[in-house]
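*Asks:* below is the sequence, then the predicted model.
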Amino acid sequence: MSTPKVQAGVSIENNKSCFELSQGKLIVKGVTLLSEVPNNISFSSFSSICPDGDVPLPLLLRVHLNSYNGGFLGFVKEEPSDRLRNSLGKFVGRNFLSVFRFKTWWSTIWVGTSGSDLQMESQWILLEAPEIRSYVLILSIIEARFRSALHPGIAGHVMICAESGSTNVKASSFSAIAYVHVCDNPYKLMKEAYSAVRVHLNTFRLLEEKSVPSLVDKFGWCTWDAFYLTVQPTGIWHGLKEFDDGGISPRFLIIDDGWQSVSLDSEDPLEDARNLVLGGSQMTARLYSFKENGKFRKYKAGTMLGENSPSFDPKRPKMVIAKAIEVEHAEKARDRAIQSGVTDLSEIESQVQKLKQELKEMFDDEPSESAIVNNESCCESGDDVGLKAYTNDLRKQFKRLDDVYVWQALCGAWGGVRPKTAHLDSKIIPCKLSPGLDGTMDDLAVVKIVEAGIGLVRPDQAEDLYDSMHSYLAKSGVTGAKVDVIHTLEHVSEEYGGRVELAKAYYNGITKSLVKNFNGNGLISSMQQCNDFFFLGTKQISLGRAGDDFWFQDPNGDPMGVYWLQGVHMIHCAYNSLWMGQIIQPDWDMFQSDHLCAKFHAGSRAICGGPIYLSDSVGGHDFDLIKKLVFPDGTVPICQHFALPTRD
């Protein structure tokens, strides 16, 4: 009879591992899963790598009871490097499901039957093992200062790539750079595997260990698609009033990108960048103040509460957005002409400048702000002016509005923090993409970030950065943040000990601020679908986006029609919920109720298990549809569990 061993104060029976590495084969329950396994690959049982730390006892017991179903893979190289690739072995003729990063920020599914069918930057592989009526997960994880991803190899081989993100951080051996687990149920498998990795790493917490923001079972409105960067107080007010008048009261508001104080490098460092409309035009701008920009700073208390409150033309944002799209299309046509070798660009350039001038004139013709503020002396934030005055008025008028969230990027703004404008030490760091991201989809955000670099605050000041931002917002009546552009850090980690160390500093800072300023959970994470974030940044964060953005139209053209694009959104969300849902509550993103595919989106949100929020333009609602999703008091019926793909 085997003798129980005591580990972390828990008595655990020795169970024989389901896995065996022998004669170049990784075998699970007698079935060869991988063949031609190199002799520098090692397998370690879970129990041989003793977990350390403050893991809740019930979780620890559960993981150890299933520990024989899993184990760790490692490898040894002769020469140390900051980026090491090694085969884990090969498989052919075996169905798999995987998730890979198709952009820096976003992940989606991929299927195939061979290790060579994988995509670069795959984060896990779920293999069918019908011989034992089971499934096997290979999960790339983090070890020391390295993170890993799975890559395709030749002739069916699965490659693992471990990288630090800094040429100054090198290693030659790993004992637990990937985790493998077997189970007869794919849903149970995910739960068991991520639980085991949580105990092993002790750098994150599972969803079951955390509370979720109160907005997960409520109806809300996000300003993004309604205004883009032209968002301003009067428009938001009239938008909320329309919902109220229609019999639906939003319980939360997200003021998306467009409220921050950002400036462009080519302009005055302490003046707001002007005439911004579409996403992209602000991506090279940097934060110069933690306070709200002029549009919100100039709001005077009571302005929207009186009988003579400013009116709002709902057609105006659409007209400005339409003109900005014309400018964008003209600029793309110019870029294509340059790439094709056209030398005479005078006509195209003339058209670009003409459209830009027309856009500028639209901004110049905006109604006077005199109705918002009486004099410039009022333009210092306080109880009577600015963001605090505005949120106070919102709550006076809209009694059911529980939460006001605002947008931010992980590094402050898209371009980070502008040097010498805040009390923090920031400098412009050039962006360098990992080779694993070569060949991913064209991405305007990446292009712009590479173009401008990131104004990165020193890692040892990350806690100060977030507390400076969030403490001001909390005092101004803001209850949470939507944090975007999260995977910027991996592009700027060369000088800071690599991507894992840099991520730890920043995630530790935002975690402490979240506890102090936003009730411990007032945060929606976005553009975050990579293992660095999930394994290092989720001790407190419990809500995050499960798919790419809702695109009301494809900005790059949709060769298969509008329905295809909307369907892909559902695919992203459902399959990502399978793994992300172990750690965070999946957020299936906003949509527009008057969109061509609105009913399709509404159906998916009804079963998503998370918050339901719209990005309707002012004057653009289908209240009959909304009332099928939302109770009159602004709460929503939610499923007992978030939606997942069916077993087949």
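*Replies:* Noted; the coordinates are in hand.

*Asks:* for the helix or strand hosting residue 469, the averaged confidence score.
*Replies:* Assignment of secondary structure by DSSP states H and E places residue 469 within helix 462-475. The pLDDT scores in helix 462-475 average 98.

*Asks:* OK, contacts around residue 194?
*Replies:* With contacts defined as Cβ atoms under 8 Å, 6 or more residues apart in numbering, residue 194 is in contact with 139, 206, 579, 582-583. Every C-beta, even on glycine, is put in place using the N, C-alpha and C of the backbone.

*Asks:* secondary structure and pLDDT added to those, as TSV?
*Replies:* Converted to TSV, the contacts of residue 194 look like this (DSSP: H, G, I helix; E, B strand; the rest coil; pLDDT from 0 to 100):
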residue	secondary structure	pLDDT
139	strand	98
206	coil	98
579	helix	97
582	coil	98
583	coil	98
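
*Asks:* picking that back up, which residues sit against the very next helix or strand once past the helix holding residue 469?
*Replies:* For helix 462-475, the following helix or strand on the C-terminal side (DSSP H and E) is strand 480-484. Contact with strand 480-484 is made by 213, 215, 254, 256-257, 403-410, 470, 473, 510, 518-519, 522-528, as judged by Cβ under 8 Å, 6+ apart.

*Asks:* just the ones in helices from the residues you listed, please.
*Replies:* Judged by DSSP state H, helices contain the following of the contacts of strand 480-484: 470, 473, 510.

*Asks:* so which elements touch the helix holding residue 469?
*Replies:* The contact analysis (3 or more Cβ pairs under 8 Å, 6 or more residues apart in numbering; DSSP states H and E) places helix 462-475 against strand 286-292, helix 499-517.

*Asks:* hang on, isn't residue 273 packed against residue 282?
*Replies:* Yes - counting by Cβ atoms under 8 Å, residue 273 touches residue 282, with 6.7 Å between them.

*Asks:* any common contacting residues for these two?
*Replies:* Common neighbours of residue 273 and residue 282 (Cβ under 8 Å, 6+ apart) are residue 262.

*Asks:* now residue 457: phi and psi?
*Replies:* Dihedral pair for residue 457: phi -70, psi 140, per degrees, to the nearest 10.

*Asks:* quick check: which ranges of the protein have low pLDDT?
*Replies:* 1-14, 48-52, 367-382, 552-563 (pLDDT under 70).

*Asks:* what's the following helix or strand after the longest helix anywhere in it?
*Replies:* Secondary structure of the chain per DSSP H: the longest helix is helix 315-339. Sequence-wise, the next helix or strand downstream of helix 315-339 (DSSP H and E) is helix 346-364.

*Asks:* same for that following helix, what does it pack against?
*Replies:* Using 3+ Cβ pairs under 8 Å, 6+ apart, helix 346-364 is in contact with helix 315-339.

*Asks:* neighbouring contacts of the helix it packs on?
*Replies:* Contacts of helix 315-339 with the rest of the structure, by Cβ under 8 Å, 6+ apart, involve 226-228, 230, 235, 277-278, 280-281, 345, 348-349, 351-352, 355-356, 358-359, 362-363, 617-619.
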